[in-house]
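J.: For reference, the sequence and a predicted model appear below.
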Amino acid sequence: MGQKEAHMRTVWWEDGVVKMIDQRLLPHQFEIVAFDNEHDVARAIREMYIRGAPAIGAAAGFGMALAAQRSQAATTEDLLNDLRTAYDVLYASRPTAVNLRWALDRMMALATSLREQPHQVVRDALVAEAQRIADEDIETNQRMARYGAELVPEGANILHHCNTGGLATVDWGTALGVIRMAHEQGKNIHVWVDETRPRLQGARLTAWELMQWGVPMTLIADNAAGYLMWSGQVDLVTVGADRIAANGDVANKIGTYKLAVVAKENNIPFYVVAPTSTIDLQTPTGRDIPIEERDPREVTHVLGQCNIAPEGVNAYNPAFDITPHELVTAIITEYGVVRPPYEENLRRVVEQAEADRKARQASGSV
Ligand SMILES: CSC[C@@H](O)[C@@H](O)C(=O)COP(=O)(O)O
């Protein structure tokens, strides 16, 4: 079985195609797939070859770059029309992770700002922008990790849900990135890894990554988490996010809400680690976040293979839930640790991120 080399990315651009690790096959098979058009990238996101909010965003950026590269348009106006179509195709791939829309908007805004330029200039600029989104993701994760690691006490037992590692991002990770940083800083930590039914991102991906990084860990059934918190075996909970509403409500992998309730009941800090690209100021509360509903077969069949339920059973499979902001101790971003009142403090970090990006653009470093 292959390994994700130390500096290998989850998704990248190579010789005019997008390459990614096929996460459906991990941990038993390690395969790289390549796509040369935006339709296949949209399918890869929908079918979860690639998953995790920041990784989905980066893949969508590359999907737009592919669309720009493939377009037969002879004018910039026609190219913009092709890009609008590609935007819609990619946008429809998965509904909850807002990093998808964030990356698509960023690509489209750049293309529109260059509408007076020759079409070849726009094509090249989009490839460069997609690459920048990917590069920045790693830097962002490492900044979050440094802030987050300060909140991890020596000897901590950390409960983690889903996969938020290098595989859920371009590299390094969000919540798991904090854990990795704390471990690399020499802290003696241990991670309880939720298996994360039904797609088993914890058992398949998080366990695989932590073992490669040498972080002490123990895999548990999701249902064991409450008992571990009640019996004093958890010092903090860290999770990622797929979308954070303007009021601080958090959409994350199904099961996150239950963890937050039990953490509160047991006075355990509950930290969400997410970049500012996951904060959606256009969505007022968690009730306004679209929750993806996936194939019930993911519940009735383990990894699409072994049927564990009676034939014909009715099943329901929401992929995410909402954790109300009152249950969140803090949100760790690349601009520091955000605490309540979230409405005001989240706006501040998003505005700061936007101002920094514009300053980089103006100074020509973008
Ligand atoms: C950086 S990861 C944050 C979230 O994207 C992660 O916890 C998660 O819910 C991923 O869901 P997935 O359905 O695997 O894409």
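T.: Received the coordinates, thanks. Please read all numbers here as calculations on a predicted model, not as lab measurements.
J.: Return the distance of whichever residue of the chain sits closest to the ligand relative to residue 323.
T.: For the chain, the residue positioned closest to the ligand under C-beta to the nearest ligand atom is residue 240, at a distance of 2.6 Å. To be clear about C-beta, it is placed using only N, CA and C from the backbone, and glycine gets the same treatment. Distance of residue 240 to residue 323, given as C-beta to C-beta, to the nearest Å: 12 Å.
J.: Give me the more crowded residue out of these two.
T.: The neighbour comparison of residue 240 against residue 323 (other C-beta atoms under 10 Å) goes to residue 240, with 31 against 25.
J.: pretty sure that one contacts residue 164?
T.: Yes - using C-beta atoms under 8 Å, residue 240 makes contact with residue 164 at a distance of 3.6 Å.
J.: where do the contact lists of the two overlap?
T.: Contact with both residue 240 and residue 164 is made by residues 52, 174, 175, 176, 273, according to C-beta atoms under 8 Å, 6 or more residues apart in numbering.
J.: list the contacts for the closest residue in space to the fourth one that isn't next to it in sequence?
T.: The shortest distance from residue 176 to any non-neighbouring residue, by C-beta to C-beta, 6 or more residues apart in numbering, is to residue 165 (3.8 Å). Residues near residue 165 by C-beta under 8 Å, 6+ apart: 172, 173, 176, 177, 180, 205, 206, 209, 210.
J.: May I have the phi/psi pair for the fourth one?
T.: It stands for residue 177. Recorded main-chain torsions at residue 177 are phi -70, psi -40, according to degrees, to the nearest 10.
J.: In this structure it contacts residue 147, no?
T.: No - counting by C-beta under 8 Å, residue 177 does not reach residue 147; the two are 10.6 Å apart.
J.: More neighbours: which of those two?
T.: When neighbours are counted by other C-beta under 10 Å, residue 177 comes out ahead of the other of residue 177 and residue 147, with 30 against 19.
J.: Can you tell me the closest non-neighbouring residue to the more buried one?
T.: Closest residue in space to residue 177, ignoring its immediate chain neighbours: residue 145 at 4.2 Å, by C-beta to C-beta, 6+ apart.
J.: and which of the contacts of residue 165 is nearest to residue 314?
T.: The nearest member of the contacts of residue 165 to residue 314, counting by C-beta to C-beta, is residue 205 at 28.9 Å.
J.: okay, that closest one: pLDDT?
T.: At residue 205, the predicted lDDT confidence score is 98.
J.: what about residue 252, is that helix, strand or coil?
T.: At residue 252 the chain is in strand, as set by DSSP: H, G, I helix; E, B strand; the rest coil.
J.: Which strands or helices does the helix or strand that contains residue 264 pack on?
T.: Per DSSP states H and E, residue 264 falls inside helix 256-265. Of the remaining helices and strands, those touching helix 256-265 by 3 or more C-beta pairs under 8 Å, 6 or more residues apart in numbering; DSSP states H and E are helix 225-230, strand 236-239, strand 270-273, strand 320-323.
J.: what's the third one in contact with?
T.: Which is strand 270-273. Applying C-beta under 8 Å, 6+ apart, the set of residues contacting strand 270-273 from outside is 144, 148, 151, 164, 174-175, 177-178, 236-241, 244, 250, 252, 259-260, 263-264, 323, 327-332.
J.: Stretch 189-198 too?
T.: Taking C-beta under 8 Å, 6+ apart as the criterion, the residues outside stretch 189-198 that touch it are 152, 155-163, 179, 182-183, 202-203, 206-207, 210, 215-222, 225, 228, 233-234, 253, 255, 259, 298-299, 302, 317.
J.: Next step: those residues restricted to strands.
T.: Restricting these to those inside strands, with DSSP state E as the criterion, leaves 157, 158, 159, 160, 217, 218, 219, 220, 253, 302.
J.: ok, now how distant is the third one from residue 203?
T.: This means residue 159. Counting by C-beta to C-beta, the gap from residue 159 to residue 203 is 15 Å.
J.: Show me which of the two is the more surrounded one.
T.: The residue with the greater number of neighbours, taking residue 159 and residue 203 and applying other C-beta under 10 Å, is residue 159; the counts read 25 against 20.
J.: got the contact list for the nearest residue to residue 316 once chain neighbours are set aside?
T.: On the basis of C-beta to C-beta, 6+ apart, the spatially nearest residue to residue 316 that is not a chain neighbour turns out to be residue 296, at 6.4 Å. Residues in contact with residue 296, defined by C-beta under 8 Å, 6+ apart, are 314, 315, 316, 317.
J.: For the ligand, tell me which of the residues you listed show up nearby.
T.: Contacts with the ligand within those, counted by C-beta under 6 Å from any ligand atom: none were found.
J.: Just put those in a markdown table and tack on distance to residue 340 and neighbour count.
T.: Formatted as a markdown table, the entries for these read as follows, by distance: C-beta to C-beta, whole Å; neighbours: other C-beta atoms under 10 Å:
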| residue | distance to residue 340 | neighbour count |
| --- | --- | --- |
| 314 | 40 | 7 |
| 315 | 37 | 13 |
| 316 | 33 | 8 |
| 317 | 32 | 16 |
